[in-house]
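A.B. asks: model the following, please.
(4 chains)
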There are 2 protein chains.
Amino acid sequence: MENLTGDTHGSEGALLDRVRHLVLSGRFPPGAPVSEVLLAQEFEVSRTPIRETLKQLQHEGLVEIRPKVGTFVREPTRREIVELFQLKECLEGMAAGLLARRGPVPELEILERNVEESDKAAASQDAARYAELVHEFHRTLILGADNSKLVEHYDRLMNQLAYHRLVLRTAEHPGRITTSTGEHRAVLAMIRAKDHFGAEAAMRNHVYASSRELLTDARTAAEHTLS
Amino acid sequence: MENLTGDTHGSEGALLDRVRHLVLSGRFPPGAPVSEVLLAQEFEVSRTPIRETLKQLQHEGLVEIRPKVGTFVREPTRREIVELFQLKECLEGMAAGLLARRGPVPELEILERNVEESDKAAASQDAARYAELVHEFHRTLILGADNSKLVEHYDRLMNQLAYHRLVLRTAEHPGRITTSTGEHRAVLAMIRAKDHFGAEAAMRNHVYASSRELLTDARTAAEHTLS
DNA sequence: CTACGGTTTGATGTATGCAAGAAACGATGG
DNA sequence: CCATCGTTTCTTGCATACATCAAACCGTAG
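C.D. replies: Numbers count the residues shown, from 1 in each chain, chains lettered A, B, ... in the order given. Okay, here's the model as predicted:
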């Protein structure tokens, strides 16, 4: 589950990943300032590489840099989250379509095994394992599209969604587990049938359903917090 | 035609845009080294802001930074270009669909006027004006989707496509002019009819056709260069 | 009590100096 | 003549010092 984005550019990206992980860990509440000197002390480096890292994170949408003022943890608005899910739907639908066109590729077998494992995890009510498998399914699908630029944009998108904070809650819905696996199977069936059009539609439908679930969940969770 | 991306973050982005413009101007051939000190002298600033700028451009895919070696103008491979056009098709199709759902919005009138102007430009064989209008059409469509994250990803995508180098050649095909406008009209008709499904399909078709044209053009251009 | 202006403070933005490493160059041995 | 190894040189990578600016603070006047 470590290294979600998969971008380890040698030794440089290590710092970026560490800072990103720190920001996403919830140690900084949304809107909190992220001081350059504090991070520099934390990671025992100078401000210069920290600055570059923060610029990257700003580009990823994780933090907001107000010039001459400071860097702050960015809390995405509900609207932005909806927008990001629309994009997710678009990109993952595209991936499903492309994968369907490719024919029999090794990624298909990985996806097959994934749904099998998902069934086992669902049967044993292993929410953590199930969430991991869901993540793996989506990422394998993206990788299977064989489009490196799609992967790049998808990674950026998922970073913007602050993956850790949002998506992992899906597994907390026991009812959602079977539904999700069923939708995964539907997508796979379309891909196997080389129906790229149907595969795209099925994937879009799945992403849309998941996002709706997450969004209503977030709303009720927020209401619970308020009450 | 300046400021293609529209991202002028106060005074900071100015340098970024200038460096990007310089890199895209063809003054550096693909693969050429982009020295930090040279850029620093060119823009009369220190190496520090130049470094940050180059990191951004690397993130945009315009340059490649080899650690401890240098920064080099990145020549996208043909495959990458194809991948980017696939993404373009996906994103612009999504935008057309979203715009169709929105109903009557001011962007629609802008698009209407755009095709009118395009006809005029085509009639007078004003290739430059036509190219400008084509660009404006696509960007208005993206903006009309009312999805800020889509705009961000689209801008990044267009930067990666090294817009100046590739797309502006479209207008050099006299035959393509009318075809393109016709496809624009088809998309607009679907949007007016609130057929978001058809709008997306029409837009995808248009982007695909344009990309095919550009890619074959690039191939023949390369062959001409070689002969 | 409130509004306003000067000051202080703390942050970022930039410039510069030094260290480290990779590629190019040349000398040397075969 | 060619391969190889040491050296040189140019680059980036990082650390530090200074400049700059925004926001908070406080004292004062109304």
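A.B. asks: which residues touch residue A:40?
C.D. replies: By Cβ atoms under 8 Å, 6 or more residues apart in numbering or on different chains, the contact list for residue A:40 reads A:46, A:47, A:50. All C-beta atoms are positioned from the backbone trio N, CA, C, and that covers glycine.
A.B. asks: just the element for the residue nearest the centre of chain A, please.
C.D. replies: Among the residues of chain A, the one closest to the centroid is residue A:158, at 3.6 Å (Cα atoms, centre = their mean). Secondary structure from DSSP states H and E places residue A:158 in helix A:148-160.
A.B. asks: if we can go back for a sec, how much space between the residue nearest to the centre of chain A and DNA strand D?
C.D. replies: 26 Å (Cβ to the nearest atom of the strand, to the nearest Å).
A.B. asks: do residue A:153 as well
C.D. replies: Residue A:153 is 24 Å from DNA strand D, by Cβ to the nearest atom of the strand.
A.B. asks: show me the contacts for the closest residue to that residue other than its chain neighbours.
C.D. replies: Distance criterion Cβ to Cβ, 6 or more residues apart in numbering or on different chains; nearest residue to residue A:153, sequence neighbours excluded, is residue B:153 at 5.8 Å. Residues near residue B:153 by Cβ under 8 Å, 6+ apart: A:87, A:153, A:156, A:157, B:91.
A.B. asks: thinking again about what came up before, per-residue pLDDT of the residue nearest to the centre of chain A, please?
C.D. replies: The model reports residue A:158 with a pLDDT of 89.
A.B. asks: quick one, domains of chain A?
C.D. replies: By the assignment in automatic domain parsing, chain A contains the domains A:12-73, A:78-226.
A.B. asks: hey, least reliable of these by pLDDT?
C.D. replies: Averaged per stretch, pLDDT over the domains of chain A is lowest on domain A:78-226, reaching a mean of 87.
A.B. asks: and it, how far out from the chain's middle?
C.D. replies: Offset of domain A:78-226 from its chain centre (Cα atoms, centre = their mean, to the nearest Å): 9 Å.
A.B. asks: what does stretch A:46-64 give?
C.D. replies: Its chain's C-alpha centre and that of stretch A:46-64 lie 20 Å apart, by Cα atoms, centre = their mean.
A.B. asks: list the buried residues of that stretch.
C.D. replies: Buried residues in stretch A:46-64, defined by neighbour count with 16 or more other Cβ atoms under 10 Å in any protein chain shown: A:49-64.
A.B. asks: inside helices: which ones of those?
C.D. replies: Residues of the buried residues of stretch A:46-64 located in helices (DSSP state H): A:49, A:50, A:51, A:52, A:53, A:54, A:55, A:56, A:57, A:58, A:59, A:60.
A.B. asks: mind listing what the closest residue to DNA strand D within chain A touches?
C.D. replies: Among all residues of chain A, residue A:46 sits closest to DNA strand D, at 2.7 Å; criterion: Cβ to the nearest atom of the strand. Going by Cβ under 8 Å, 6+ apart, residue A:46 touches residue A:40.
A.B. asks: go again using 10 Å as the cut-off
C.D. replies: Residues near residue A:46 by Cβ atoms under 10 Å, 6 or more residues apart in numbering or on different chains: A:36, A:37, A:40.
A.B. asks: what about the strands in chain A?
C.D. replies: For chain A, the strands defined by DSSP state E cover A:63-66, A:70-73.
A.B. asks: export those as CSV, with columns for distance to residue B:103.
C.D. replies: Formatted as CSV, those follow (distance: least, Cβ to Cβ, whole Å):
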stretch, distance to residue B:103
strand A:63-66, 32
strand A:70-73, 36
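A.B. asks: closest to DNA strand C out of these?
C.D. replies: Among these, strand A:70-73 comes nearest to DNA strand C, with 4.2 Å by Cβ to the nearest atom of the strand.
A.B. asks: and that closest one, does that touch DNA strand D?
C.D. replies: No: judged by Cβ under 7 Å from any atom of the strand, strand A:70-73 stays clear of DNA strand D, getting no closer than 8.3 Å.
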